[in-house]
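Engineer: build me a structure from this.
(one chain, ligands or ions: 1)
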Amino acid sequence: MSDKQLITTIVGTQWGDEGKGKITDYLARDFDYVVRFQGGNNAGHTIVANGHTYKLHLLPSGVLSAGTVSIIGNGVVVDPKVLLEEISEFKKTNSTPYLKISERAHVIMPYHLPMDGGLSSGQGKLAAGSTGRGIAPVYADKAYRHGIRIGDLLDPEMLKEKLEKSYTFNTQILNKIYRLPFDRTVEDVYQEYLQYGRELAPYVADTELELYQAYAMGKSILFEGAQGMSLDPDHGMYPHGTSSNNVAGYAEVGSGVGLNCKSRIIGIMKAYVSRVGNSPFITELTDTTGDAIRTKGVEFGTTTGRARRIGWLDLVQARQSVRTSGLSEIAFTKLDVLGGLKELKVCMGYEIDGQITTEMPASLSKIRRAKPVYQTLPGWEDTSATTYDTLPPNMRDYIEFVEKKINCPISFISLGPDRERTIIR
Ligand code: IMP
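Structural biologist: Residues are numbered from 1 along each chain as shown. Reported below is the predicted structural model:
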């Protein structure tokens with residue numbers, strides 16, 4: 001591994017579900033550490049390995065590689081019930097995961113779940129279509145300074161003091177603003193979360209310090225992003241996104257290690273786009289081509305099972321990702337899904353009020369009015385090729401066309417969920 005590859009970050013360039021889990025898993029076995037740095041169990045990674053399909057929500061993909069330490073960093077929000085269930089499910093086919101959880105990571109509390117529903121229903125057309133896992137309320141509590149952190153679950157006095165404040169604040173909003181019932185007592189929640197603390201204690205650590213020491217010793221670290229740039233609260237289609245930053249720069253904030261080095265930053269980009277949830281979707285396909293791609297690409301949410309909306313590849317979005325994450329390269333995924341189409345389209349820019357732009361507008365009203373400007377390219381047949389040179393020529397042309405237009409090298413080509421269906425250029 002070269003010095004530049006010792007620190008590698010993987011991020012989604014679209015709306016999540018680009019195939020990050022597969023690429024992370026593909027690379028993870030070579031790394032000493034794999035670190036989640038944002039998001040929570042709104043994420044879902046599907047990994048096919050050792051004859052099993054793993055659906056991971058909170059566990060970093062590194063858990064599948066023996067000897068790799070998996071870290072849930074301070075920027076992640078943890079639902080302890082979900083994490084414990086995932087650990088126990090994982091242990092049915094594997095040994096205990098080599099996992100460490102930051103004491104500073106915030107905890108999703110039971111009142112955050114109904115609060116997510118209340119928020120979404122109050123937001124109407126501006127709602128993001130949340131996964132309903134309590135993500136926005138827990139990040140809001142962090143900002144309000146009402147949050148409870150993993151370390152607090154191991155400290156009965158501290159937990160009691162913080163929970164009383166957090167519980168009162170949240171249940172009052174639930175009852176008085178949203179008129180939603182929350183009938184659990186503070187004592188009941190306290191006892192439940194103390195128990196989670198006892199069960200998670202063996203995994204809880206000062207992960208920021210450990211990562212810093214590992215970094216100083218020249219160990220290799222893979223940062224595993226969740227979601228994708230268009231869901232980033234600063235750079236995405238705000239407010240139709242999630243509540244944690246998922247561009248690559250956030251890896252340092254969400255893990256606590258300042259990286260004063262050249263690193264490899266891999267953007268995962270699907271050969272078409274998909275999203276779950278609400279927002280304008282400029283290249284959306286609502287016809288039978290969209291249906292065929294959804295079925296062939298098995299585009300149903302890992303976390304919620306919702307059918308994903310499908311669209312043509314959007315190079316305005318892709319270029320914005322290259323820029324905001326400082327991508328050094330792209331892993332281009334699911335090209336196999338487009339096999340069999342006679343022709344396909346790529347969005348080169350947007351027409352807004354008669355003007356063409358090739359940059360993503362910040363304004364939601366402009367995004368709502370944007371119409372795609374397409375270039376049509378010829379399709380290719382299904383292929384079982386395992387080398388770049390033997391891929392169908394039209395597929396190679398598509399890859400090289402995209403690479404040129406976004407000015408970022410495409411170094412991985414993924415042609416199916418199995419590790420073997422990966423071509424490195
Ligand atoms: P939340 O993060 O559950 O609040 O959801 C906010 C928006 O982000 C919704 O549109 C979700 O569908 C979307 N979202 C959150 N996590 C993921 C993910 O891992 N993949 C795809 N979409 C996601």
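Engineer: would you mind listing what in this protein touches the ligand?
Structural biologist: With C-beta under 6 Å from any ligand atom as the criterion, the chain meets the ligand at residues 15-17, 42-44, 128-131, 133, 135-136, 226-227, 231, 241-243, 276-277. In this view, the C-beta of every residue, glycine as well, is placed from N, C-alpha and C.
Engineer: chain neighbours aside, what residue packs nearest to residue 5?
Structural biologist: residue 264 (5.1 Å; C-beta to C-beta, 6 or more residues apart in numbering).
Engineer: could I get the phi/psi values of that neighbour?
Structural biologist: Residue 264 has phi and psi values of phi -100, psi 130 when expressed as degrees, to the nearest 10.
Engineer: count of residues packed around residue 321?
Structural biologist: Close neighbours of residue 321, defined as other C-beta atoms under 10 Å, add up to 29.
Engineer: quick one: contacts for the residue of the stretch 151-300 of the chain found nearest the ligand?
Structural biologist: The stretch 151-300 of the chain approaches the ligand most closely through residue 277 (2.2 Å), counting by C-beta to the nearest ligand atom. Each residue near residue 277 by C-beta atoms under 8 Å, 6 or more residues apart in numbering is listed here: 128-131, 240.
Engineer: ok, it to residue 228 distance?
Structural biologist: For residue 277, the distance to residue 228 (C-beta to C-beta, to the nearest Å) stands at 12 Å.
Engineer: so where's the protein uncertain?
Structural biologist: Residues of the chain that meet the criterion pLDDT under 70 lie in 4.
Engineer: which strands and helices lie in contact with the longest helix seen in it?
Structural biologist: For the chain, the longest helix by residue count, based on DSSP state H, is helix 156-172. Judged by 3 or more C-beta pairs under 8 Å, 6 or more residues apart in numbering; DSSP states H and E, the packing partners of helix 156-172 are helix 135-144, helix 186-200.
Engineer: now those in JSON lines, with mean neighbour count and distance to residue 379?
Structural biologist: Formatted as JSON lines, these follow (neighbours: other C-beta atoms under 10 Å; distance: least, C-beta to C-beta, whole Å):
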{"stretch": "helix 135-144", "mean neighbour count": "21", "distance to residue 379": "38"}
{"stretch": "helix 186-200", "mean neighbour count": "15", "distance to residue 379": "50"}
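Engineer: tabulate those helices (TSV), appending distance to residue 303.
Structural biologist: Formatted as TSV, the helices and strands packed on helix 156-172 follow (distance: least, C-beta to C-beta, whole Å):
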stretch	distance to residue 303
helix 135-144	11
helix 186-200	21
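Engineer: quick one: the nearest residue to residue 342 once chain neighbours are set aside and the ligand, what's the gap?
Structural biologist: Distances taken as C-beta to C-beta, 6+ apart place residue 379 nearest to residue 342, at 5.2 Å, with adjacent residues excluded. Separation of residue 379 from the ligand (C-beta to the nearest ligand atom, to the nearest Å): 26 Å.
Engineer: would you show me how to pick out the buried ones of the contacts of residue 277 in ChimeraX?
Structural biologist: Here is the ChimeraX command that selects the buried residues among these (16 or more other C-beta atoms under 10 Å):
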select :128,129,130,131,240
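Engineer: can you redo the contacts of residue 277 as TSV with secondary structure and distance to residue 155?
Structural biologist: Shown next, in TSV, are those (DSSP: H, G, I helix; E, B strand; the rest coil; distance: C-beta to C-beta, whole Å):
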residue	secondary structure	distance to residue 155
128	coil	34
129	coil	36
130	coil	30
131	coil	30
240	coil	38
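Engineer: can you name the two of the contacts of residue 277 that are farthest apart?
Structural biologist: The span of the contacts of residue 277, defined through C-beta to C-beta, is set by 131 and 240 at 13.2 Å.
Engineer: now that residue 423 has come up, it's in contact with residue 384, right?
Structural biologist: No. Residue 423 is beyond contact range of residue 384, at 11.8 Å (criterion: C-beta atoms under 8 Å).
Engineer: comparing those two, which residue is more hemmed in?
Structural biologist: Remark: of residue 423 and residue 384, residue 423 carries more neighbours, 19 against 9, as counted by other C-beta under 10 Å.
Engineer: burial count for the nearest residue to residue 78 once chain neighbours are set aside?
Structural biologist: Leaving aside its sequence neighbours, residue 78 sits nearest to residue 105 (C-beta to C-beta, 6+ apart; 5.2 Å). Taking other C-beta under 10 Å as the criterion, the count of residues near residue 105 is 24.
Engineer: rewinding a little: quick one: the longest helix of the chain to helix 186-200, angle?
Structural biologist: For helix 156-172 against helix 186-200, the angle by axes from the mean of the first three to the mean of the last three C-alpha atoms, to 10 degrees is 130 degrees.
Engineer: mind listing what's buried along helix 156-172?
Structural biologist: 159, 162-163, 166-167, 170-171.
Engineer: how far away from the center of its chain is that helix?
Structural biologist: Centroid separation for helix 156-172 versus its chain: 29 Å, with C-alpha atoms, centre = their mean, to the nearest Å.
Engineer: run through who's touching that helix.
Structural biologist: 109, 111-112, 115, 137, 141, 144, 146-148, 152-153, 182, 186, 189-190, 193-194, 197.
Engineer: can we see that at 10 Å?
Structural biologist: 107, 109-112, 114-115, 137, 140-141, 144-149, 151-153, 155, 180-187, 189-190, 193-194, 197 (C-beta atoms under 10 Å, 6 or more residues apart in numbering).
Engineer: and the one residue in the stretch 301-425 of the chain that gets nearest to the ligand, how far is that from residue 96?
Structural biologist: Residue nearest to the ligand within the stretch 301-425 of the chain: residue 303 (6.4 Å; C-beta to the nearest ligand atom). When distance is defined by C-beta to C-beta, residue 303 is 24 Å away from residue 96.
Engineer: got the phi/psi numbers for the closest residue to the ligand within the stretch 1-150 of the chain?
Structural biologist: Here the stretch 1-150 of the chain gets closest to the ligand at one residue, residue 16, 2.8 Å apart by C-beta to the nearest ligand atom. The phi/psi pair for residue 16 (degrees, to the nearest 10) reads phi 80, psi 170.
Engineer: again with residue 375
Structural biologist: phi -120, psi 140.
Engineer: for it, list the residues it contacts.
Structural biologist: For residue 375, the contact set (C-beta under 10 Å, 6+ apart) comprises 315, 344-349, 401, 405.
Engineer: residues contacting the residue most central in space within the chain?
Structural biologist: Centroid-nearest residue in the chain: residue 226, 1.8 Å away (criterion: C-alpha atoms, centre = their mean). By C-beta under 10 Å, 6+ apart, the residues touching residue 226 are 10-12, 16, 20-21, 36-45, 57-58, 60, 76, 242, 244, 246.
Engineer: great, nothing more from me.
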